[in-house]
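In: What follows is a predicted structure for the sequence shown.
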Amino acid sequence: MKNAVSWVLVLILTITLLNNCLQTKSYKEIRAKQSFVDQLRAAYSSGDQKKWPKPILDPSKPLFSEIGHLPKVEFPSDNPYSEDKVLLGRTLFYDPRLSNSNQIACASCHDPELGWTDNRKFSFGHDRQLGSRNAMTIMNVAFAKSLFWDGRAVTLEDQAKMPIEDMREMHEHIDIATDKIVKVKGYEILFEKAFGNKKITKDKIAKAIATFERTVVSPATKFDRFIDGEKDAFTNDELMGLHLFRTKAQCMNCHNSGYFSNNLFENDGTSLLGSDEEDLGQYLITKRPADAGKFRVPTLREVTKTGPWMHDGSFNTLTEVIQFYSKGNPESSKHRSTIHEGVTLHSEKSDMLKLLELTTEEIHQIEAFLGTLSTPVMRPKPPVLPK
Ligand code: HEC
Ligand code: HEC
């Protein structure tokens, strides 16, 4: 009996000791993890990018500049900034008289309350016709080096005339649209203030709209405040997401600079060649077979507002977008080639997209970080349209 009691005592002692040992081990792990997080927090919020950990970039040396603040907007010398021109441009942006039906304005599809886009998979325009691409936000568009998903416009001045004439958007001849604005007496004074004389032309309309668009810039985000030294602005998840974005997840190969895009065209394997939803992307403009399936790398500033995501609005949540990248995006072999106008084209997904095998926690952390790049929704009062 005595013997049995001692055995039980020895057993209890061993279990207690083992348990203590294990607890110290996991306690040590937690401490180590915490000190890593603290170090990262100190480095990223130091206000000095030289202290940041080195990014993991593709060996192909992609065009890279570190993420950070947005630079100052530059206005072109042949279309300088003035407050009056912004007011005119803003008024035209909201004016449905630029459309054939007098019902559709730029702001119909680029609505400030919806992140300056329309939150639809595809926009509907004239006669409620559906387009075939997801509307882009015009926020921070001043920093885009070419416009549209396929880069078919180079300047905002050129771009502004295109949706007016697009038959599925505003469906109006630019000269007719201009004549309609000429007939609105109240516009004369606005043009005079903006351009020094009353004459209304299509080029002035485009210049005023472009100037207004260049002023639609995000205010400082949580990310901007954090890297400037507000060290408690980020949660641990947001911080780890930032670190993953620059390292393991390798998003920075393409989404870099203060604009979170290197302004290049890349193939994410999203062109679905040979299917009903096929979109040849940049090839449609350059006609270079190597450009089939390439789209402009979009900015990730304000990205929580621009859903559904991608050129075709095919993702309903950011979690799905990150899961897609985590898989290295295995492009379906069925949708890699097509014959377009007699030319056989293949889609070659970028080598920079690799199997990342992110954990569920890491996916959540990257999503949390993306959230820090958005600012609260604006609800500006629409301008009074002249009569
Ligand atoms: C019917 C909806 C609709 C209307 C109206 C519309 N847009 Fe768009 N906008 C879109 C879509 C869709 C895209 C992307 C199209 C593409 O890439 O092929 C786009 C793209 C843009 C871009 C490119 C942004 C970038 O990052 O490249 C700008 C700038 C823009 N629109 C400005 C305007 C202006 C100015 C007007 C009015 C004159 C206007 N839009 C009217 C739907 C619309
Ligand atoms: C090879 C370059 C490249 C890399 C690396 C890359 N992206 Fe992208 N990203 C793109 C391109 C190109 C698109 C547009 C694709 C399309 O529209 O079909 C895009 C689109 C997106 C969008 C949708 C934006 C919108 O407004 O619709 C999100 C979100 C995004 N990327 C996040 C990420 C994240 C997070 C990572 C890292 C895990 C990453 N990207 C890595 C090139 C890249």
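Out: That came through fine. Note that the coordinates shown come from a computational prediction; the quantities given were computed from them, not determined experimentally. Ligands and ions are numbered 1, 2, ... in the order given.
In: For Gly186, see how far away Leu40 is.
Out: From Leu40 over to Gly186 the distance is 56 Å, taken as Cβ to Cβ, to the nearest Å. Glycine gets a C-beta too; all of them are placed from N, C-alpha and C.
In: swap in Thr306?
Out: Applying Cβ to Cβ, the value for Thr306 to Gly186 is 34 Å.
In: So which of the two has more stuff around it?
Out: The neighbour comparison of Thr306 against Gly186 (other Cβ atoms under 10 Å) goes to Thr306, with 25 against 11.
In: got the contact list for that one?
Out: 115, 117, 136-137, 298 (Cβ atoms under 8 Å, 6 or more residues apart in numbering).
In: which one among the residues you listed gets closest to ligand 1?
Out: Met136 (3.9 Å; Cβ to the nearest ligand atom).
In: wait, isn't Asn329 in contact with Asp351?
Out: No - counting by Cβ atoms under 8 Å, Asn329 does not reach Asp351; the two are 11.6 Å apart.
In: So for these two, which residue has more residues nearby?
Out: Shown here are Asn329 and Asp351; by other Cβ under 10 Å, Asn329 has more neighbours (17 against 11).
In: The more buried one in helix, strand or coil?
Out: Following DSSP: H, G, I helix; E, B strand; the rest coil, we place Asn329 in the coil state.
In: What mean pLDDT does the helix ranked longest in the chain get?
Out: When the chain is parsed with DSSP state H, its longest helix is helix 2-44. On average, the pLDDT along helix 2-44 is 80.
In: The nearest residue to Pro298 once chain neighbours are set aside - how many residues pack around it?
Out: In space, Pro298 comes closest to Ser261 once its chain neighbours are excluded; the distance is 6.1 Å by Cβ to Cβ, 6 or more residues apart in numbering. Neighbourhood size, Ser261 [other Cβ under 10 Å]: 21.
In: So Ser261 versus His255, what's the distance?
Out: 6 Å.
In: Overlap of the contact sets of the two?
Out: What both Ser261 and His255 touch, as defined by Cβ under 8 Å, 6+ apart, is the set 297, 299-300.
In: Select from those the one having the most neighbours.
Out: Thr299 (25 neighbours).
In: Return the residues in contact with it.
Out: Counting by Cβ under 8 Å, 6+ apart, Thr299 has contacts 140, 143-144, 255, 259-261.
In: near ligand 1, which of those residues show up?
Out: Ala144 (Cβ under 6 Å from any ligand atom).
In: what residues does stretch 76-92 touch?
Out: Taking Cβ under 8 Å, 6+ apart as the rule, stretch 76-92 contacts 75, 98, 106, 155, 157, 181, 187, 190-191, 193-195, 205, 207-215, 383-386.
In: show me which of these neighbour ligand 1.
Out: Okay, of the contacts of stretch 76-92 touching ligand 1 (Cβ under 6 Å from any ligand atom), that's 106, 209, 213.
In: secondary structure class for Thr338?
Out: At Thr338 the chain is in strand, as set by three-state DSSP.
In: For it, which non-adjacent residue is closest in space?
Out: Distances taken as Cβ to Cβ, 6+ apart put Leu273 closest to Thr338, at 4.0 Å, once the chain neighbours are dropped.
In: who's in contact with the one you found?
Out: For Leu273, the contact set (Cβ under 8 Å, 6+ apart) comprises 280, 292-293, 335-338, 345-347.
In: Tell me which of the residues you listed has the lowest pLDDT.
Out: His335 (88).
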